[in-house]
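**Q** Give me a model of this one.
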Amino acid sequence: MNYKNGRDVLPPSLLKELQKHIEGELIYIPKRSNERVGWGVNSGTRQMIERRNEEIFALHCQGHSIEYLKQAFHLSQESIRKVIFKKRSEHAADASKQKVSARQ
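**A** Got it, this is the predicted structure:
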């Protein structure tokens with residue numbers, strides 16, 4: 001997020017009105033629309049974590065232990081288990097959808 005000087009972007013009358021309420025501090029002005037971008041979408045973090053989780057699941061399916069995955073990805077055992085459980089559920093749901101569409 002970039003900060004702007006109020007003198008540069010606001011009309012003088014609005015700046016004086018704002019100074020009555022808050023002066024010399026930072027203020028966040030939200031976007032007009034209610035549509036917010038999801039966490040990590042703009043930065044690419046969401047995609048990076050998704051790729052990492054797919055890799056964890058693939059390695060688990062290839063027989064790597066949770067202990068190995070824990071050390072390789074610097075995550076807790078519980079985090080590794082959650083990733084595996086979630087990915088297993090997603091893959092099962094995808095397989096189900098493919099079976100239904102194949103029947104039609």
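**Q** Next up, the contacts around residue 15.
**A** By Cβ atoms under 8 Å, 6 or more residues apart in numbering, residue 15 lies in contact with 6-7. For glycine as for every other residue, the C-beta is placed from the backbone atoms N, C-alpha and C.
**Q** Buried residues, the helix or strand bottoming out on mean pLDDT in the chain. List them.
**A** When each helix and strand of the chain is scored by mean pLDDT, DSSP states H and E, helix 77-103 comes last, with a mean of 88. Across helix 77-103, burial judged by 16 or more other Cβ atoms under 10 Å covers 80, 83-84, 87.
**Q** can those go into a markdown table with extra columns for distance to residue 23?
**A** Output for these, formatted as a markdown table (distance: Cβ to Cβ, whole Å):
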| residue | distance to residue 23 |
| --- | --- |
| 80 | 50 |
| 83 | 48 |
| 84 | 53 |
| 87 | 51 |
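**Q** what's the spacing between residue 49 and residue 35?
**A** To residue 35, residue 49 is 22 Å away according to Cβ to Cβ, to the nearest Å.
**Q** Looking at these two, which one has more neighbours?
**A** With neighbours defined as other Cβ atoms under 10 Å, residue 49 and residue 35 compare such that residue 49 has more, 12 against 6.
**Q** Give the ranges of residues in the chain that sit below the confidence cut-off.
**A** Under the criterion pLDDT under 70, the flagged ranges of the chain are 1, 104.
**Q** phi, psi of the residue of the chain positioned farthest from its centre?
**A** The C-alpha centroid of the chain is most remote from residue 13, which lies 39.3 Å away (Cα atoms, centre = their mean). Torsion angles at residue 13 (phi, psi; degrees, to the nearest 10) stand at phi -70, psi -40.
**Q** Name the residues of stretch 59-77 that come out as buried.
**A** Result for stretch 59-77 [16+ other Cβ under 10 Å]: buried residues 59-60, 69-70, 73, 75.
**Q** What ranges does the protein have for its helices?
**A** Along the chain, counting by DSSP state H, helices occupy 6-9, 12-21, 45-61, 66-73, 77-103.
**Q** Output the shortest one as PDB, restricted to C-alpha atoms.
**A** Provided in PDB are the C-alpha atoms of helix 6-9 (Å, rounded to 0.1, in the frame of the first residue of the first chain):
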ATOM      1  CA  GLY A   6      -3.200  14.700   1.800                       C
ATOM      2  CA  ARG A   7      -2.100  18.000   0.400                       C
ATOM      3  CA  ASP A   8      -1.300  16.300  -2.800                       C
ATOM      4  CA  VAL A   9      -4.500  14.400  -3.300                       C
END
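**Q** With that, I have no additional questions.
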